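Peer 1: Return atomic coordinates for the entry below.
(one chain, ligands or ions: 1)
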Amino acid sequence: MKRRNLLAGGLAVIGGATLFKDLFAQRPGPAAPDAASVKTAIEQSKGAAPKVEKLTLKPEEWRKRLTPAQFDVLRNDGTERPWTSPLNGEKRKGMFHCAGCDHVLFSSEMKYESGTGWPSFFTTMPGAFEKSTDFKLIYPRTEYHCAKCGGHHGHVFNDGPSPTGQRWCNNGVALVFKPTA
Ligand SMILES: [Zn+2]
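Peer 2: Residues are numbered from 1 along each chain as shown. A predicted model of the protein is given here:
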């Protein structure tokens, strides 16, 4: 009996290790942004905020404009599965825009590898977002949404890299990346 349990336990460990390896294959761990990017990003974040003209559409109009996955995140406060966005690995120079309204949200210099499976940024472009507190989980979280169309993008946390200490955890499906080169 004891031996059988040991064997079962051993197999479970091997099975778990295989699953663990599979889950974390090709998944980078957290990495601090480089100094040059930080310098550029901080300068960009302190620029003048653009004048924002609000975009208000009816749900059916949003449904026509967005894919079902974009609609779920932007208009329904959904969360995409981690490690599913191609933008996780996006390393080119350029700008990240709102998929709902094209508002400019982040520069490529603001992006860093948080190891969470969602595109993450340590600051934002001026006037990009507005914030609110949500209580969907037991603890309150700071939700942020596009200042132009009100579309939900993600949550901001205080465990980001220096100098801001911010981690803007963004659903990749809510973003459109436009490379500058
Ligand atoms: Zn927007």
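
Peer 1: the helices in the chain, which residues?
Peer 2: 2-23, 35-45, 59-65, 68-74 (DSSP state H).

Peer 1: need the contact list for the closest residue to Pro59 other than its chain neighbours.
Peer 2: Spatial nearest neighbour of Pro59, excluding adjacent residues (C-beta to C-beta, 6 or more residues apart in numbering): Arg75 at 6.6 Å. (Glycine included, C-beta is placed from N, CA and C.) By C-beta atoms under 8 Å, 6 or more residues apart in numbering, the contact set of Arg75 is Pro59, Trp62, Leu66, Gly100, Gly151, His152.

Peer 1: which intervals of this protein have sub-threshold pLDDT?
Peer 2: 1-25 (pLDDT under 70).

Peer 1: Give me every residue in it that's in contact range of the ion.
Peer 2: Applying C-beta under 5 Å from the ion, one finds that the chain approaches the ion through Cys98, Gly100, Cys101, His103, Cys146, Lys148, Cys149, Gly151.

Peer 1: of these, closest to Pro119?
Peer 2: Minimum distance to Pro119 across those is 13.2 Å, recorded for Cys98 (C-beta to C-beta).

Peer 1: check contacts around the closest one.
Peer 2: Leu74, Leu105, Cys146, Lys148, Cys149, Gly151, His153, Ala174, Leu175, Val176.

Peer 1: Just grab the bridge partners of Ser154 for me.
Peer 2: Actually, residue 154 is Gly rather than Ser. For Gly154, the beta-bridge partners under DSSP bridges are Tyr144, Asn170.

Peer 1: what about it, how many neighbours?
Peer 2: Gly154 is flanked by 26 other residues according to other C-beta atoms under 10 Å.

Peer 1: contacting residues for it?
Peer 2: Trp118, Glu143, Tyr144, Trp168, Cys169, Asn170, Asn171, Ala174.
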